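Asker: Compute the structure for the input listed below.
(chains A and B, ligands or ions: 4)
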Number of protein chains: 2
Amino acid sequence: MGMNAEKLDQNAKPLSPDMLKKIDAYFNAANYLSVGQIYLYNNPLLKEPLTADDIKPRLLGHWGTTPGLNFIYVHMNRVIKKYDLDMIFVTGPGHGGPALVANTYLEGTYSEFYPNISEDEEGMKKLFTQFSFPGGIPSHTAAETPGSINEGGELGYALSHAFGAAFDNPDLIVTCVVGDGEAETGPLATGWHSNKFINPVYDGAVLPILHLNDAKIAGPTVLGRIPPQELDELMRGYGYEPFYVEGSDPLVMHQKMAATLDVVVEKIRRIQSDARQNGFTTRPQWPMIVLRSPKGWTGPKVVDGQQIEGTFRAHQVPVNEVKNNPAHLKVLNEWLLSYKPHELFDENGKLKPELAELAPRGERRMGANPHANGGILLRELRMPDFRKYAVDVPSPGVVVAESTRVQGNMIRDVFVLNEEAKNFRVFSPDETSSNRWNAVFEVTERASMDEIKSTDDKVSPTGRVMEMLSEHQCEGWLEGYLLTGRHGFFPCYEAFIHVVDSMFNQHAKWLEVCRHIPWRRPIASLNYLLTSHVWRQDHNGLSHQNPGFIDLVMNKKADITRVYLPPDANCLLSVTDHCMRSRHRINVIVAGKQPALQYLNMDEAIKHCTAGIGIWEWASNDKGAEPDVVMACCGDIPTLETLAAVKILREHIPELKIRVINVVNLMTLQQPGEHPNGLSDREFDVLFTRDKPVIFAYHGYPWLIHRLTYRRTNHRNFHVRGYKEEGTTTTPFDMVVMNDLDRYHLAGDVIDRLPNLGSKAAYTKQYLRDRLLDHKAYVHKYGEDMPEIRDWNWADGKS
Amino acid sequence: MGMNAEKLDQNAKPLSPDMLKKIDAYFNAANYLSVGQIYLYNNPLLKEPLTADDIKPRLLGHWGTTPGLNFIYVHMNRVIKKYDLDMIFVTGPGHGGPALVANTYLEGTYSEFYPNISEDEEGMKKLFTQFSFPGGIPSHTAAETPGSINEGGELGYALSHAFGAAFDNPDLIVTCVVGDGEAETGPLATGWHSNKFINPVYDGAVLPILHLNDAKIAGPTVLGRIPPQELDELMRGYGYEPFYVEGSDPLVMHQKMAATLDVVVEKIRRIQSDARQNGFTTRPQWPMIVLRSPKGWTGPKVVDGQQIEGTFRAHQVPVNEVKNNPAHLKVLNEWLLSYKPHELFDENGKLKPELAELAPRGERRMGANPHANGGILLRELRMPDFRKYAVDVPSPGVVVAESTRVQGNMIRDVFVLNEEAKNFRVFSPDETSSNRWNAVFEVTERASMDEIKSTDDKVSPTGRVMEMLSEHQCEGWLEGYLLTGRHGFFPCYEAFIHVVDSMFNQHAKWLEVCRHIPWRRPIASLNYLLTSHVWRQDHNGLSHQNPGFIDLVMNKKADITRVYLPPDANCLLSVTDHCMRSRHRINVIVAGKQPALQYLNMDEAIKHCTAGIGIWEWASNDKGAEPDVVMACCGDIPTLETLAAVKILREHIPELKIRVINVVNLMTLQQPGEHPNGLSDREFDVLFTRDKPVIFAYHGYPWLIHRLTYRRTNHRNFHVRGYKEEGTTTTPFDMVVMNDLDRYHLAGDVIDRLPNLGSKAAYTKQYLRDRLLDHKAYVHKYGEDMPEIRDWNWADGKS
Ligand SMILES: Cc1ncc(C[n+]2csc(CCOP(=O)(O)OP(=O)(O)O)c2C)c(N)n1
Ligand SMILES: Cc1ncc(C[n+]2csc(CCOP(=O)(O)OP(=O)(O)O)c2C)c(N)n1
Ligand SMILES: [Mg+2]
Ligand SMILES: [Mg+2]
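Answerer: Ligands and ions are numbered 1, 2, ... in the order given. As a prediction, this is how the structure comes out:
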């Protein structure tokens, strides 16, 4: 078959009169059930005349987008059946929750997942009542909604989720409805470009449907109002072949949509079979659909003299005085009856069999498709033994390694071991190499379906490293990939992970809700590596310094989130292994990429990371006695500075008993009641003492440590150093100095808190002050750190 | 002049041979100074043969993007002079800092702002050394860079900033360079659509230049690799007329660029004069330029056998072993000499006069343009007397009003008073009405240059309410508007302000840095109204519940950020007035939009908000005695629940002495050393006592209050309730119940902390428990809150 073999005949009427009638009736049924959810408390089948008492006390929900979704859904049902498609449905305008609930109810999946919502009058009443009702269901296409992988409450991520679901799912078609308001968001606007990353041989297809209902909440939409010619160029510019289904007469629109979908599905199949038979050559122009239909389609035309259908006024509840205003009640009554419910449902409230037939069967139903409940499909990753990547650490603090580079070796082998399963990808905003995971490019490449040049490094249409310079895309793709039962990793510059704060929030909420839904299965964890972190921004500066993502993560539910700050490569390996095996969590790993001292051999590292916190005996000298001071550290750079401070103190005040504690798992600091990883108060007191000064050097904003420990016995003696928004493009050591986190400040902090040191204190303090002055003078002159800083190590380091 | 009068003659050679030579020399000079910044420590004019000692110890910076920026800059200088343009330069790839430093040095502005960096050999040496050097300047086009309003460290915001600058600046042209990597980000991808909001009569113009150097850090770019036809369609689809300047021979490229710019500038002028003479009719197709030039243009072609120029390898430091590898040193030497520095600078290191002549004069120089140092142009807003919008509150807790609706009246009059000055706009993601600022539409409209339909409400090409469904655009536009000396407001759903967390971070950093740059003047504050907040998501649910932005804000420097939670409308008015008058801050105001009880009359509100915290005497009964308990509240809903709890306690345990404290300004809780608004420990102890239980009902995540108060005397007795990620689509009261923040839980918290209450405690606790059970049963049955909850008020409320 040649290119563009499938041509759309604008006059085609593929639906027989009988089929047309049924499709329209099914559409009516879905609309009826949607309106019912928004309004009805009683009398679901309108067996009695509608009265104010039948109306819910609070009218909530979003009608405007709902009929368009219902329209699309029934037509998808038709092509699923016709072509036996494996399809899921991503609802960009997730506020159209009633549509998805209605349709999954009509197809029978809803009652299977929620037996109380049975396919009868009683069930329909409950279906209506529960919507946006206390103890019921949310208004959006949330995790509670069968078939959903996109809550759609926060707009913008529909396409990213859809493409993430399609990667490595060659038989899947993801229908993705995009609101024209949603299309104005940044993430969605760049999301169109995901087609550059879809390989027609190995990946599935995404069918975007731009739902051009012309309005958002209160204003017109950009894409709704630009000239059609511009819209066409825009979609072609994004690399799609647009098909238009435009109008408002349902009977005409059904024929148009059916004709278009036949062409579109055949086009997708032809693109795929071409590529699968002949191999990938050039990126295909994937089809997409522009559905231009009235907002609030089939709803009230005019209320109180104002046009509703086809305007922004249809966005939420289009007629809302129904309980008190008889004219409004009349409008609602006519609206409901316009769908002719008695022709749709039988006496008992069950959908008539000739309509029920329109839905696909079993797992072909979009509400029951296992891809939308990815935990069902999840298989464990084959994991290499992480011990074999160990850095040899014969003694602590002497050997130098780049932690993330070591970790990259392990990730490489995860690719190798799961090559056949094709269930693991890395998503990164153009930073895989920069973050030193270069080893992965020994076995895979960056994905691209566009032109590849000889000067390119490791780019291929079959690459499994997904690099688009969009943290939003990386996050959205990965979420879509995980939600459909696969595994992945997101290495990112620490500062710029804030770009996806809001997406993290939404994913954390989704995971939490799933824990309470019996039919949702746990999925693989979302794993972040945050590197190029605040303390090492040699090429950049203040804008690249931000350790605040951790603070955000700590606000989410304890059973979902974990934060690890491994101090060296072996700890990073151990933590990485743990995170990749975990389920249904969001794991944040913060680790440096620069050459750094290594402290623990693999055995020690495993023990240390399993506990999550511990005394470093080799660095402490308080064994057998009470310490005078506890020096705690969390994060690779704070660990280095703490150890260097310990050395200084030992040299200058040898009689001082210092205990060094390193924290890998930040959650250990929390109260056990707040977090399952939290140390008991007894354990905490044993480690941190009940009354000795604790100098705590922390990677991020220091207040977080206080927030985590304020209930602990010894909290009043905690003195925390961390990042306090001081920074610029400067040397690594100058960065810690600017934030008082350096060895000299830390040693000084200890002295300040030990009043009994006597005269030694004064001399040591002066020594520390002089070193800081030396440092400043040196870096301002030479532009690099003093040799004794650069070359410091634990074995023979003096500072 | 007719449409499209300006046609580009592809063979035009507008530059005379002499001019061509000079332009190329100027380009060379900028490139030379850029390379010098990255590499040279000594020997700035290469008067001596280059040796390893002349090289900086750490080679930092980004070469790849720099020559393209230099190329654009010199050509902009030419058209500024030729057409006497008022132009600023926005550098998307802000990592190309050396280019902007070089050019502002060449045009003389750099030395005017930084007299130590003089226009002589000594100055040039310092110019080179200071770059990315301790005590020197950052590597990006940061606030330190003259002429910059876009740091460009975090990529994506160039277009939004540029358009923000152009609004209401009819004579300004903003040249905006967009990296092809940057173009992959979400914010940038939707940023192109800003042209739908630019009115050619009243606004200035943005000239986007897409810098297609084909690569980002390590991979190819999407826009660099899509077929040219698609790129053209994409730009046309975005509404632009693209012009192409493509090639690599500088002499050919200069002619192309000059010819193109003449056409483009004339086109912009014609569009504007047409619209200004004949009135606005339809959105013009603004010109934009695609500059396709090699990455690392004019730099080393091949190093160690690998191609550098024209590849991603040119991104940072293209040849980096110069200090130790003589071959590398040779490459650098030849590279530097290729620019023929001795023909560019005189003996003393000053740019030769015939080249210096190419730059514009005075404020026409882009580094000296006052629009890029907006504080210079800032004029105070004319403010109405906020007292006149006061809600009449004869007695506390009885009158009901919608706080943000009241605030909207004031904002309306800000529009009126500053109509002529045209220096105030509102930016909102389609939520101005939803957030109940409807009053503003009495005097202005939503802006749109596209088709407006009869069914639209308040949309006009001259509208001053900027509604695009993109929090990124709202934030970026507003920042651009403020940075160029104007005023604005950003009302947003509380949850979705997290979409711009990272942009907030960057703006806060920018403001902080400016405080330490003597020539940067303070600008107007960035004011957020966060409403539709966590506690009132009747139509939505969990995804719309997130009070965490406050936590993010608290991590920034104390002199930049403020957070206010006014409990009622009069307080909101007072706070709004204060914020709009403030300078150089980021003010976050959290306030509800739903009908709510009003507590303070205007006089009381002013006093309360000025203090930021205070005892509500009318709600307390401890006067003249020590309180038994302090009930503190912060935020409108916590205040309501606290007052209702007080009522319950008074009724059941009349002898209990309760002190009620309300917090408006969250910063008052902090230590005075941490924040200038922080109460002294004495003041704090007087308010919160040294030892009485404090039940603190807070709007957001409860840990924040602990973080702010952990050093206070009485902190151990603080018991904080707030949002703990429990929620769904439910009734307002059920939301607080789910998070234990309701009146019954708060009253119970008090009882639990007063062991001496005796038997009364048991009965009251049981009463509270029963009320909670009643509540659950009621809402599950009726779907709305119990009448005694809905209708509760302070005067006669029983709960
Ligand atoms: C990021 C984000 N910002 C703002 C909102 C508030 N909001 C909810 S619906 C809506 C309008 C959506 O318009 P559109 O995408 O066209 O959907 P439809 O017209 O189909 O309802 C807005 C702005 C949101 N949900 N998410
Ligand atoms: C939001 C964000 N993500 C990642 C980065 C890291 N980064 C710095 S430069 C760069 C590549 C930029 O490529 P491009 O825009 O094409 O600029 P140019 O090629 O002109 O250097 C990246 C990914 C960043 N600065 N900002
Ligand atoms: Mg819409
Ligand atoms: Mg580039």
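Asker: alpha carbons only for contacts and neighbour counts from here, please
Answerer: Noted.
Asker: And whichever strand or helix holds residue A:160, what does it pack against?
Answerer: Using DSSP states H and E, residue A:160 sits in helix A:158-166. The contact analysis (3 or more Cα pairs under 8 Å, 6 or more residues apart in numbering or on different chains; DSSP states H and E) places helix A:158-166 against strand A:86-91, strand A:172-179, helix A:186-191, strand A:205-211, helix A:471-483.
Asker: other SSEs contacting the longest one?
Answerer: Under the contact definition 3+ Cα pairs under 8 Å, 6+ apart, helix A:471-483 sits against helix A:158-166, helix A:186-191, strand A:424-428, strand A:487-493, helix A:501-514, strand A:526-531.
Asker: now the ones you listed in CSV, with mean neighbour count and distance to residue A:101?
Answerer: Below are these laid out as CSV (neighbours: other Cα atoms under 10 Å in any protein chain shown; distance: least, Cα to Cα, whole Å):
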stretch, mean neighbour count, distance to residue A:101
helix A:158-166, 31, 18
helix A:186-191, 28, 24
strand A:424-428, 24, 32
strand A:487-493, 24, 29
helix A:501-514, 21, 17
strand A:526-531, 24, 28
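Asker: Please produce JSON lines containing the ones you listed, extended by mean pLDDT and distance to ligand 4.
Answerer: What follows is the helices and strands packed on helix A:471-483, written out as JSON lines (pLDDT from 0 to 100; distance: least, Cα to the ion, whole Å):
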{"stretch": "helix A:158-166", "mean pLDDT": "98", "distance to ligand 4": "23"}
{"stretch": "helix A:186-191", "mean pLDDT": "98", "distance to ligand 4": "16"}
{"stretch": "strand A:424-428", "mean pLDDT": "98", "distance to ligand 4": "17"}
{"stretch": "strand A:487-493", "mean pLDDT": "97", "distance to ligand 4": "18"}
{"stretch": "helix A:501-514", "mean pLDDT": "97", "distance to ligand 4": "26"}
{"stretch": "strand A:526-531", "mean pLDDT": "97", "distance to ligand 4": "22"}
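Asker: Distance to residue B:219 added to those, as TSV?
Answerer: What follows is those, written out as TSV (distance: least, Cα to Cα, whole Å):
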stretch	distance to residue B:219
helix A:158-166	20
helix A:186-191	17
strand A:424-428	11
strand A:487-493	15
helix A:501-514	25
strand A:526-531	19
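Asker: Need the single longest helix in chain A, by residues.
Answerer: Assignment by DSSP state H gives helix A:250-278 as the longest helix of chain A.
Asker: Next, the angle strand A:172-179 makes with the helix or strand that comes right after that helix.
Answerer: The first helix or strand that comes after helix A:250-278 along the chain, using DSSP H and E, is strand A:286-292. If you take axes from the mean of the first three to the mean of the last three Cα atoms, to 10 degrees, strand A:286-292 sits at 30 degrees to strand A:172-179.
Asker: chain center to the helix or strand just after strand A:286-292: distance?
Answerer: Next in sequence after strand A:286-292, counting helices and strands by DSSP H and E, comes strand A:302-303. Distance, stretch centre to chain centre, for strand A:302-303: 41 Å (Cα atoms, centre = their mean, to the nearest Å).
Asker: Show the average pLDDT along strand A:302-303.
Answerer: Averaged across strand A:302-303, pLDDT comes to 97.
Asker: Check stretch A:563-576 too.
Answerer: Average pLDDT, stretch A:563-576: 98.
Asker: Span of it from start to end?
Answerer: Across stretch A:563-576, the terminal residues are separated by 12 Å (Cα to Cα, to the nearest Å).
Asker: in it, what counts as buried?
Answerer: Residues A:563-576 are the ones in stretch A:563-576 that count as buried (16 or more other Cα atoms under 10 Å in any protein chain shown).
Asker: Show me what residue of the stretch 451-600 of chain A gets nearest to chain B.
Answerer: In the stretch 451-600 of chain A, the residue found nearest to chain B is residue A:470; the distance is 4.5 Å by Cα to the nearest Cα.
Asker: is it true that that residue touches residue B:184?
Answerer: Yes - using Cα atoms under 8 Å, residue A:470 is in contact with residue B:184, at 6.0 Å.
Asker: Could you check which of these two is surrounded by more residues?
Answerer: Shown here are residue A:470 and residue B:184; by other Cα atoms under 10 Å in any protein chain shown, residue A:470 has more neighbours (30 against 27).
Asker: I'd like to know how far that one sits from ligand 1.
Answerer: Noted for residue A:470: a distance of 17 Å to ligand 1, by Cα to the nearest ligand atom, to the nearest Å.
Asker: Count the neighbours of the residue in chain A that ligand 4 sits nearest to for me.
Answerer: Nearest to ligand 4, among the residues of chain A, is residue A:469, at 10.6 Å (Cα to the ion). For residue A:469, the neighbour count with other Cα under 10 Å is 27.
Asker: Can you pull the residues of chain A lying near ligand 2?
Answerer: When proximity is defined as Cα under 6 Å from any ligand atom, chain A approaches ligand 2 at A:429, A:430, A:469, A:496.
Asker: Please look at the second one and residue A:469 and confirm they touch.
Answerer: Yes - in this structure, residue A:430 sits in contact with residue A:469. The criterion is Cα under 8 Å, and the distance is 5.6 Å.
Asker: got the residues of chain A near ligand 3?
Answerer: Neighbours of ligand 3 within chain A, by Cα under 5 Å from the ion: A:180, A:181, A:213, A:215, A:216.
Asker: Run through the residues that contact the second one.
Answerer: Right, residue A:181. Residues in contact with residue A:181 (Cα atoms under 8 Å, 6 or more residues apart in numbering or on different chains) are A:215, A:216, A:221, A:222, B:469.
Asker: Could you do the first one as well?
Answerer: When the contact criterion is Cα under 8 Å, 6+ apart, the partners of residue A:180 are A:210, A:211, A:212, A:213, A:214, A:215, A:216, A:221, A:222, A:223, A:224.
Asker: how about 7 Å then?
Answerer: A:210, A:211, A:212, A:213, A:214, A:221, A:223, A:224 (Cα atoms under 7 Å, 6 or more residues apart in numbering or on different chains).
Asker: just to revisit the earlier point, so which of the contacts of residue A:181 are in strands?
Answerer: In strands, defined here by DSSP state E, there are no members of the contacts of residue A:181.
Asker: If any of these are buried, put those into a PyMOL selection.
Answerer: PyMOL command restricting the contacts of residue A:181 to the buried ones, with burial defined by 16+ other Cα under 10 Å:
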select buried, (chain A and resi 215+216+221+222) or (chain B and resi 469)
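Asker: Cross the contacts of residue A:181 against helices and list the overlap.
Answerer: Going by DSSP H, the helices hold residue A:222 from the contacts of residue A:181.
Asker: Tell me which two in the contacts of residue A:181 are the farthest apart.
Answerer: A:215 and B:469 (10.8 Å; Cα to Cα).
Asker: In this structure residue A:128 contacts residue A:32, no?
Answerer: No - proximity of residue A:128 to residue A:32 does not meet the contact threshold set by Cα atoms under 7 Å, at 10.5 Å.
Asker: Comparing those two, which shows the higher neighbour count?
Answerer: The neighbour count for residue A:128 versus residue A:32, taken as other Cα under 10 Å, is higher for residue A:128 (28 against 24).
Asker: how close does the more buried one get to residue B:97?
Answerer: From residue A:128 across to residue B:97, the span is 60 Å (Cα to Cα).
Asker: Same check on residue A:583?
Answerer: According to Cα to Cα, residue A:583 and residue B:97 sit 44 Å apart.
Asker: okay, these two: which has more neighbours?
Answerer: Shown here are residue A:583 and residue B:97; by other Cα under 10 Å, residue B:97 has more neighbours (31 against 16).
Asker: my guess is that one contacts residue B:140, does it?
Answerer: Yes - in this structure residue B:97 lies within contact range of residue B:140 using Cα under 7 Å: 4.3 Å.
Asker: So what touches stretch A:407-424?
Answerer: Contacts of stretch A:407-424 with the rest of the structure, by Cα under 7 Å, 6+ apart, involve A:168, A:381-384, A:386, A:389, A:436-440, A:443, A:486-488, A:572-573.
Asker: Inside strands: which ones of these?
Answerer: Under the assignment DSSP E, these contribute A:487, A:488 to strands.
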